[in-house]
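**Q** just coords:
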């Protein structure tokens, strides 16, 4: 009797579960289909007028595509109009392009009230144009640019009260020979939209030149545009550049009170996406907005004009901005030629071409209008073979150094003018909990300075000491670098000073910045400064300051204070200050300086001349901490970095090889025999070797590229190429498994227990690998049914026994009331079944939460209670500053 209602309820739950499985997969398939260009033209035609797909009551997606068109000739412009799918005000929050530069030269999305046609596509390269009324540019794409994601709370307003009731998609088809296979094109984009009002409205500000003439053979021709801004404040968050073949670099600026602040700078030969604006700045009434396109006429035999064909040129700088919804203006433009007087003060970087790697150029041959020889002459791609031959896989040289170096805590590494390794270490001094008081004042002056030689010059090949200096000078060494005169620039966190020291072995102090043992935050004091970088051209120095301040300071070569700045961000509302700027590197070819922002787990780069924010590299693999960073000009530019101990050891300690341009991790590396303990600094040599100084192990590790390393191996230790290739492929295809925080429950961070943690991580990995993937369709239902049958049997027997022996079970029910039965079973009764308590009791789990792990923080100790290894750390509350890290 009692089993009937229970079976009915469980059966209903099973039907609901099966229904959920049934509706989940089509939605998943739809999302996946949005990410790829549709290969079937007929399918594209059917989707052109597709109704918006609703994902929840507020959000929906709209596909906008060409209906399977074939352009009549080269340089054809085709347009098609699409009505905004709702009469309510809506907001575009994402653009997802579906196009290839093999077919499409560029693509624009306009918004207006009255398009030229609402029935079919039309040729909009003629006098017809796009709209009968004023059209606003909302999106632009070219050169296989990736999708554009708008910041949170920002959207393009369309619909009833916006002045935009139609979208007009314009596509420029460059070379008609792309249609020799007689296919029909259905390129376009997907709009992610919401009806939920956004507090900030996005818009486009377009600066464009209309009268530039590029003379044949002339090395440099500049197109300058500038307009005074006279409206409500706007906040640029992204920019895009556009030229054709001859563009070398396009730069945009805000000018306020004579000061030029960069909005963005990029090579138009790279994917013409919207890139993050360089700094969280605003543009307000009275400012001037300016842009420069730098062209070359080399390789041309006649004048080149601004025009609409691929043989012509264009000079466009797009600013994507947001502004308060009360004053929103969706589109503004500027076409005024900038005066020579104004542009004589433009920053120097606007006249420096951005190098484009051969890999980019090989995938971006522009519609066949320019020969390979012209492209090579234009972009200096004659070193393609060198780049393709790069080997980013690093292996430890286990026999280096050949004799012990007898080091203390290794805090800094550098290379001298002869490419020898320079090691900065602490001898018999240690950074401990008693080293500083709460005001960051050094408490162990009674120990005196370090009596050992703290600066060692070491042969990078064999590891033997060539020169030693730095006796009786330092208390707690930290960072070191060299300048072009081969002098040492060092920081000492106990002295709170930056010192310029001669390298001749006489230990002459050539320049002192800061006051000994006196912390401070003005421009003549530091507070535990961490590192120094030197501009190889001007001799200017940059200081990361540090453990208690959160800034980078810039000084002239003779020690004169110039400027300082804090952390950057592409979103003014999400700026997070530095949390121990720990390591600096100067990028000579790019005139930038990059910092390892240690406790924020990120790398940030800035224009060295101005401190303008350029980019941020923040990866989950860092585990929330980045200790050191260095740079190599190999390929398109490589960043080498090492991370620190993450909370609960969720990410292993290792080194990273990162592509500067794409920010992708190309490779990771770590020691083979002895694990990293606290990798503290890193440096890369010209021959591809990488050295890592470890403060915890009091040692230096050497790594070389796999190719170089293999050449010095003994014949008896030959690498099997097939296995090696499989390992590399697996590394690049499958992301590394990071030990989860739960794998570290009730474990203490003690070196002796590290093997146990690794063993648990390996078990977790094996468990994850053993979990079968669910098949779609019938298989989940079969598995669910098989699992439910014994469960239903057990529950039925249990309920029947309780009912039969109601004097032992405090469940009172109506025989016909299913809700009563389930309600009482779910209630807090003495005899109720609580699976959570059951498994917790039998597996040794408790409700007490995690035990706090003791973790290494500074060069000695820190509390990581408030640390986070989340990739979204920028969007959460700031952790409090740690006192000694």
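**A** Good, I have the coordinates. Given the structure is predicted, the values throughout are model-derived calculations rather than measurements.
**Q** alpha carbons only for contacts and neighbour counts from here, please
**A** Will do.
**Q** contacting residues for the closest residue to residue 407 other than its chain neighbours?
**A** Leaving aside its sequence neighbours, residue 407 sits nearest to residue 698 (Cα to Cα, 6 or more residues apart in numbering; 5.7 Å). Applying Cα atoms under 8 Å, 6 or more residues apart in numbering to residue 698 gives the contacts 407-410.
**Q** Tell me the most packed of those, by neighbour count.
**A** Neighbours here mean other Cα atoms under 10 Å. Within those, the largest count is held by residue 410, at 29 neighbours.
**Q** Count the residues that sit near residue 654.
**A** 21.
**Q** Pretty sure it sits against residue 643.
**A** Yes. Contact criterion Cα atoms under 8 Å: residue 654 and residue 643 qualify, at 6.3 Å.
**Q** From residue 663, how far off is the nearest residue to residue 621 once chain neighbours are set aside?
**A** Using Cα to Cα, 6+ apart and skipping the chain neighbours, the partner closest in space to residue 621 is residue 651 (6.3 Å). For residue 651, the distance to residue 663 (Cα to Cα, to the nearest Å) stands at 19 Å.
**Q** ok, these two, which is more surrounded?
**A** residue 651 (24 against 16).
**Q** Test my guess that that one contacts residue 626.
**A** No. With contact defined as Cα under 8 Å, residue 651 does not reach residue 626; the gap is 11.5 Å.
**Q** what is in contact with these two at once?
**A** Contact with both residue 651 and residue 626 is made by no residue, according to Cα under 8 Å, 6+ apart.
**Q** tell me which element residue 786 falls in.
**A** Using DSSP states H and E, residue 786 sits within helix 778-804.
**Q** So which elements touch that helix?
**A** helix 3-34 (3 or more Cα pairs under 8 Å, 6 or more residues apart in numbering; DSSP states H and E).
**Q** hmm, back to that, wasn't the residue nearest to residue 621 part of a strand?
**A** No. The assignment for residue 651 (DSSP: H, G, I helix; E, B strand; the rest coil) gives coil, which keeps it out of a strand.
**Q** That one and residue 95: what is the separation?
**A** Residue 651 is 33 Å from residue 95, by Cα to Cα.
**Q** ditto for residue 344
**A** Taking Cα to Cα, one finds residue 344 at 38 Å from residue 95.
**Q** So which of those two has more stuff around it?
**A** residue 95 (21 against 9).
**Q** check contacts around the closest residue in space to the more buried one that isn't next to it in sequence.
**A** Leaving aside its sequence neighbours, residue 95 sits nearest to residue 191 (Cα to Cα, 6+ apart; 5.1 Å). Under the criterion of Cα under 8 Å, 6+ apart, the neighbours of residue 191 are 61-64, 92-96.
**Q** With adjacent residues omitted, what lies nearest to residue 448?
**A** Residue 448 sits nearest to residue 475 (Cα to Cα, 6+ apart), 7.2 Å away.
**Q** secondary structure element for that neighbour?
**A** Residue 475 belongs to no helix or strand, assigned by DSSP H and E.
**Q** Now do the helices in this structure.
**A** Applying DSSP state H to the chain gives helices spanning 3-34, 41-48, 340-343, 358-362, 372-379, 384-388, 706-711, 721-733, 754-770, 778-804, 818-826, 835-843.
**Q** Need the residues that contact the third one.
**A** If I follow you right, that is helix 340-343. In contact with helix 340-343 (Cα under 8 Å, 6+ apart) are residues residue 224.
**Q** Let's test this: mean pLDDT of stretch 626-633, rounded?
**A** Stretch 626-633 comes out with an average pLDDT of 96.
**Q** got it, and stretch 511-519?
**A** Rounded mean pLDDT across stretch 511-519 is 97.
**Q** end-to-end on that stretch?
**A** Stretch 511-519: ends 18 Å apart by Cα to Cα.
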